[in-house]
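K.L.:
structure of the sequence below:
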Amino acid sequence: MNTIDIRSPYLIFLGSETEVTYTKTGAGLVQWRPELCRGQIRLPGGLVDLGVPNLTIDEAVDAGIQSLLIGTAAVGGGIPEDWLVMLEAAAAAGLDIVAGVHTRLNDIDRLKQAAASSGARLVDVRVPPEGLPVGTGKKRSGKRVLTVGTDCAVGKKYTALAIERDMKAAGLKATFRASGQTGIMIAGSGIPIDAVVADFLSGAAEQLSPDNDADHWDVIEGQGGIFHPGYASVTMGLLIGSQPDAFVVCTEAGRTHIEGWGEFELPSIEAVISRVSGIGKQVNPTIRCAGTSVNTSKLPVDEREDYLRALSQETGLPCIDPIAGDTQPIIERLIEG
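P.N.:
Next comes the predicted model:
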């Protein structure tokens with residue numbers, strides 16, 4: 001499988017950040033993969049605490065940690081100068097440096113020299129692996145479910161992770177397949193689909209979810225939105241290459257327009273189901289919708305269950321909020337086939 005791979009366990013770098021809002025990557029790692037997050041490291045003035053041990057670089061090496069993951073974001077998406085001393089020391093000590101920021105680690109000479117001296121790797125998770133093929137459309141073994149959205153930032157990654165978690169808790173075989181930067185860090189592997197050249201999108205998606213056991217579920221993190229004026233091409237390439245047996249529509253209660261494209265109304269759940277099904281049938285004639293995942297956080301607490309119940313009656317499908325509850329109704333529909 002031609003994917004980005006991250007060596008675990010991890011040391012989470014938090015810089016000098018004082019607000020947890022700007023450490024969402026680190027917080028997501030600790031939430032979804034606590035067993036891999038062995039420690040955190042901060043610069044002077046940093047106040048964010050993710051609830052894992054504070055370690056020095058030497059202590060991290062002694063503890064068998066393999067990678068330092070940048071779990072915070074600086075303004076502008078770069079790597080500030082005051083981060084480099086610590087990152088350079090970590091690379092020189094043999095820790096891989098992993099980042100999803102806009103500035104490429106491999107473009108920073110002092111980090112390249114430090115990594116070369118120890119054999120450490122500089123892993124830019126925004127950079128797709130080389131040699132991705134054109135899609136073949138050939139049927140692969142195993143089962144696949146893809147999260148799709150009415151828009152961007154409506155919970156596709158969270159829903160996929162929650163489905164994987166609940167499937168495993170039920171004794172089912174399941175693997176979260178990451179297609180975005182934060183998801184790759186959580187999963188430890190994946191392909192940043194939105195950075196892949198268009199000709200190779202479906203081929204990259206095929207690489208992301210290869211042949212597997214007949215009863216194994218790949219739970220694939222979706223990207224963009226099938227009606228999105230800017231990102232629908234990414235969504236379509238991922239859909240065709242994934243060849244999903246089923247998909248889950250993700251949305252946010254109360255959102256009325258495409259975020260950042262205010263002249264475009266948010267598509268209905270029914271419209272998304274129809275379009276995804278129509279395109280998906282090109283590569284999987286039996287594709288079906290397994291339900292809807294809704295972020296209800298903007299609704300009053302006492303209205304959320306009624307909203308989900310009404311949407312379920314309207315669509316005839318399970319409708320859940322994975323933050324407030326579990327994904328069991330969707331999993332039951334997946335298993336039913």
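
K.L.:
can you report how many residues lie near the nearest residue to Ala73 once chain neighbours are set aside?
P.N.:
Closest residue to Ala73 apart from its sequence neighbours, by Cβ to Cβ, 6 or more residues apart in numbering: Tyr22 at 5.7 Å. Every C-beta, even on glycine, is put in place using the N, C-alpha and C of the backbone. Residues lying near Tyr22 (other Cβ atoms under 10 Å) number 18.

K.L.:
Ala205 too?
P.N.:
28.

K.L.:
how far is stretch 109-118 from where the chain is centred?
P.N.:
Computed by Cα atoms, centre = their mean, to the nearest Å, the chain-centroid distance of stretch 109-118 equals 29 Å.

K.L.:
thought the residue nearest to Ala73 was touching Thr72?
P.N.:
Yes: look at Tyr22 against Thr72 with Cβ atoms under 8 Å: they come within range, at 5.6 Å.

K.L.:
from Arg42, how far out is the residue nearest the centre of the chain?
P.N.:
Ranked by distance to the mean C-alpha position of the chain (Cα atoms, centre = their mean), the top residue is Gly183 at 2.6 Å. Separation of Gly183 from Arg42 (Cβ to Cβ, to the nearest Å) stands at 24 Å.

K.L.:
ok, now which ones touch the residue of the chain positioned farthest from its centre?
P.N.:
Most distant from the centre of the chain: Ser117, at 31.9 Å, with distances by Cα atoms, centre = their mean. When contacts are counted by Cβ atoms under 8 Å, 6 or more residues apart in numbering, Ser117 touches Ala92.

K.L.:
likewise for the one 5 residues further on?
P.N.:
Going by Cβ under 8 Å, 6+ apart, Leu122 touches 91, 96-97, 105-106, 111-112, 115.

K.L.:
which residues of the stretch 151-300 of the chain fall in strands?
P.N.:
For the stretch 151-300 of the chain, strands defined by DSSP state E, counting those that start in this stretch occupy the ranges 173-177, 189-190, 216-220, 246-252, 257-258, 261-265, 288-295.

K.L.:
please enumerate residues in contact with the first one?
P.N.:
Defining contact as Cβ under 8 Å, 6+ apart, one finds that strand 173-177 is touched by 160-161, 163-164, 167-168, 183, 186-187, 190, 208-209, 212-213, 215-221.

K.L.:
how close does the nearest residue to Trp32 once chain neighbours are set aside sit to Ile97?
P.N.:
Among residues not flanking Trp32 along the chain, Ile186 sits closest, at 4.9 Å (Cβ to Cβ, 6+ apart). As judged by Cβ to Cβ, Ile186 and Ile97 stand 17 Å apart.

K.L.:
check Val61 too.
P.N.:
Distance of Val61 to Ile97, computed by Cβ to Cβ: 14 Å.

K.L.:
which one's more surrounded, the two?
P.N.:
Ile97 (25 against 16).

K.L.:
so the more buried one sits in a strand?
P.N.:
Yes: assigned with DSSP: H, G, I helix; E, B strand; the rest coil, Ile97 falls within a strand.

K.L.:
residues contacting it?
P.N.:
67-68, 70, 87, 90-91, 105, 111, 115, 120-123.

K.L.:
go on, Gly137?
P.N.:
202, 240, 243, 282-283.

K.L.:
greatest separation within those residues: which pair is it?
P.N.:
Put simply, by Cβ to Cβ the two of the contacts of Gly137 set farthest apart are Ser202 and Gln282, 10.4 Å from each other.

K.L.:
what do these two both touch?
P.N.:
Residues touching both Ser202 and Gln282 (Cβ under 8 Å, 6+ apart): 137, 240.

K.L.:
looking at these two, which is more packed in?
P.N.:
Neighbours were counted for Ser202 and for Gln282 using other Cβ under 10 Å; Ser202 has more, 25 against 12.

K.L.:
show me the chain divided up by domain.
P.N.:
Residue ranges for the domains of the chain, per automatic domain parsing: 4-124, 143-336.

K.L.:
which of the ones you listed has the lowest average pLDDT?
P.N.:
Lowest mean pLDDT of the domains of the chain: domain 4-124, a mean of 92.

K.L.:
in terms of contact count, name the helices or strands touching the longest helix anywhere in the chain.
P.N.:
For the chain, the helix with the greatest residue count under DSSP state H is helix 156-169. The elements that helix 156-169 packs onto, with contact taken as 3 or more Cβ pairs under 8 Å, 6 or more residues apart in numbering; DSSP states H and E, are strand 143-149, strand 173-177, helix 181-187, strand 216-220, strand 246-252, helix 328-336.

K.L.:
of these, which is nearest Ser312?
P.N.:
Ser312 lies closest, by Cβ to Cβ, to one member of the helices and strands packed on helix 156-169: helix 328-336, at 8.6 Å.

K.L.:
in that closest one, which residues are buried?
P.N.:
Applying a neighbour-count criterion of 16 or more other Cβ atoms under 10 Å, one finds 329-331, 333-334 buried in helix 328-336.
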